[in-house]
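Asker: Sequence plus the predicted model coming up.
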Amino acid sequence: MDTSAVQVRRWTRREYDRMIEAGVLNPEDRVELIGGEILTVTPQSSVHATCVSLVQEAMRSVFGRDAHVRVQLPLALGAESEPEPDVAVVTGSARDYRDAHPQSALLVVEVADTTLAYDRGTKGSLYARAGVPDYWIVNLTESILETHRDPTSHSAARFGWHYRPASRFDSGETVEPLSRPGARIPVSDLLP
């Protein structure tokens, strides 16, 4: 077979949103648009769902009404990506995003076990390119929190950007969101 005749069809965020509006894609499909590709999201285990709820509670406690905490809702990151991170803290309130999804976030948190390499690599590069200053991964495999900060260009990264080496925090430590200096969150509050 001549592989030059086979090409991957890339989708724009606009085309993706139209598929959702037309009912071609619906919430039960559990998909995300990443780099022009429509990817299926793995169903959540009970541990994963519990962790997402714990992170959501912690973020609402820290940010209060000063920011909007979104759970598994889209971020409009460029013309060809619309990920749905487990938790994203964005400026403003829910009503500010009635007509369009946020285009960045103060903080994004992904909960990872089987998707750990993907969340570190592909998603990390995507969030870094979008200028998300604070990207956390709750690493369920090792029961730690990884913080990824200081996005910088890097030609070898999937989207041309990455974060400096991650800091790792275990359950006995606390972590401070960059956008909330002085707000200390016990890592144990984030782990199931």
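Answerer: Received, thanks.
Asker: From Ala94, how far out is Ser53?
Answerer: 18 Å (C-beta to C-beta, to the nearest Å). All C-beta atoms are positioned from the backbone trio N, CA, C, and that covers glycine.
Asker: neighbour-wise, which of these two wins?
Answerer: The residue with more neighbours, out of Ser53 and Ala94, is Ser53; 15 against 11, by other C-beta atoms under 10 Å.
Asker: pretty sure that one is in a helix, no?
Answerer: Yes: the assignment for Ser53 by DSSP: H, G, I helix; E, B strand; the rest coil puts it in a helix.
Asker: Quick check: which ranges of this structure have low pLDDT?
Answerer: 1-4 (pLDDT under 70).
Asker: mind listing the strands for it?
Answerer: For the chain, the strands defined by DSSP state E occupy 31-34, 37-40, 67-71, 87-91, 107-112, 134-139, 144-149, 151-153, 161-163, 167-169, 174-175, 185-186.
Asker: most packed of those?
Answerer: Burial of the strands of the chain is given as mean neighbour count (mean count of other C-beta atoms under 10 Å); strand 107-112 ranks first at a mean of 26.
Asker: Can I get that one in PDB? Just the C-alpha atoms.
Answerer: Output of strand 107-112 as PDB, limited to C-alpha atoms (Å, rounded to 0.1, in the frame of the first residue of the first chain):
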ATOM      1  CA  LEU A 107      -3.800  26.700  36.900                       C
ATOM      2  CA  VAL A 108      -4.500  23.400  35.200                       C
ATOM      3  CA  VAL A 109      -4.600  20.000  37.000                       C
ATOM      4  CA  GLU A 110      -4.700  16.600  35.400                       C
ATOM      5  CA  VAL A 111      -5.200  13.400  37.400                       C
ATOM      6  CA  ALA A 112      -3.100  10.700  35.900                       C
END
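Asker: how about the strands of the chain in CSV, adding distance to Glu21?
Answerer: Converted to CSV, these look like this (distance: least, C-beta to C-beta, whole Å):
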stretch, distance to Glu21
strand 31-34, 14
strand 37-40, 15
strand 67-71, 20
strand 87-91, 22
strand 107-112, 25
strand 134-139, 29
strand 144-149, 33
strand 151-153, 32
strand 161-163, 30
strand 167-169, 41
strand 174-175, 38
strand 185-186, 37
